[in-house]
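Undergrad: Need a 3D model of the following:
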Amino acid sequence: MDKDSWGGGIECSILATHYSTEICCIEVKSLQVYKFGEDKGYSKRIMLMYDGIHYDLLAEAAGGNSDESLFVTAFERDDHQALELGVGVVRELQKQGQFTDTSSFSLRCMVCGTGLTGAEAAQAHAKQTGHSNFAENK
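TA: This is a model prediction of the structure:
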């Protein structure tokens, strides 16, 4: 997560301020917890997991209920157990390899078929060729 780029830290900081809610982003690859709005004294916290490409909201099934409308997504900011549970969920995803390392993932240009490694190579290829359709090789 790059705090100085769009698509990450800046947006989380803006959203934390807008919603007066601390946002904790837990990165799957490193288990690093990035906190936005933690110095503002907000009473609520939400947790996101970041897999290297996408952010997903972490939620707790209230009473084990699978009805998504009953999921708890905002926690008291001082509920340290909720944060520990969130990190635990993300740790399980890490063990399963459920993250993308954008610096070394394998891509293919879907326009010309060129194989590429990492986001920087894809950006350079796009700049050089004008191609913008890429797929990750699994």
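Undergrad: OK, contacts around the residue nearest the centre of the chain?
TA: When Cα atoms, centre = their mean is applied to the chain, the residue found nearest the centroid is residue 50 (1.8 Å). For residue 50, the contact set (Cβ atoms under 8 Å, 6 or more residues apart in numbering) comprises 1, 8, 25, 26, 27, 28. (C-beta placed from N, C-alpha, C; glycine too.)
Undergrad: go with 10 Å
TA: Applying Cβ atoms under 10 Å, 6 or more residues apart in numbering to residue 50 gives the contacts 1, 8, 12, 25-30, 32, 34, 56, 90, 99.
Undergrad: Look up how far residue 109 lies from residue 135.
TA: 9 Å (Cβ to Cβ, to the nearest Å).
Undergrad: For these two, indicate the residue with more neighbours.
TA: Set residue 135 next to residue 109 and count neighbours by other Cβ atoms under 10 Å: residue 109 wins out with 19 against 10.
Undergrad: For stretch 86-94, which outside residues touch it?
TA: With Cβ under 10 Å, 6+ apart as the test, stretch 86-94 has contacts from 24-33, 45-51, 56, 58-60, 75, 98-99.
Undergrad: re earlier: for the residue nearest to the centre of the chain, grab phi and psi.
TA: Main-chain torsions, residue 50, degrees, to the nearest 10: phi -120, psi 120.
Undergrad: Kindly state the pLDDT recorded for it?
TA: At residue 50, the pLDDT value in this model is 94.
Undergrad: and what of residue 36?
TA: On the pLDDT scale, residue 36 gets 96.
Undergrad: swap in residue 138?
TA: 74.
Undergrad: Check residue 1 too.
TA: 48.
Undergrad: Output the contacts of residue 50 as a markdown table; include the columns distance to residue 84.
TA: What follows is those, written out as a markdown table (distance: Cβ to Cβ, whole Å):
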| residue | distance to residue 84 |
| --- | --- |
| 1 | 20 |
| 8 | 24 |
| 12 | 20 |
| 25 | 16 |
| 26 | 11 |
| 27 | 16 |
| 28 | 16 |
| 29 | 19 |
| 30 | 17 |
| 32 | 15 |
| 34 | 16 |
| 56 | 18 |
| 90 | 11 |
| 99 | 20 |
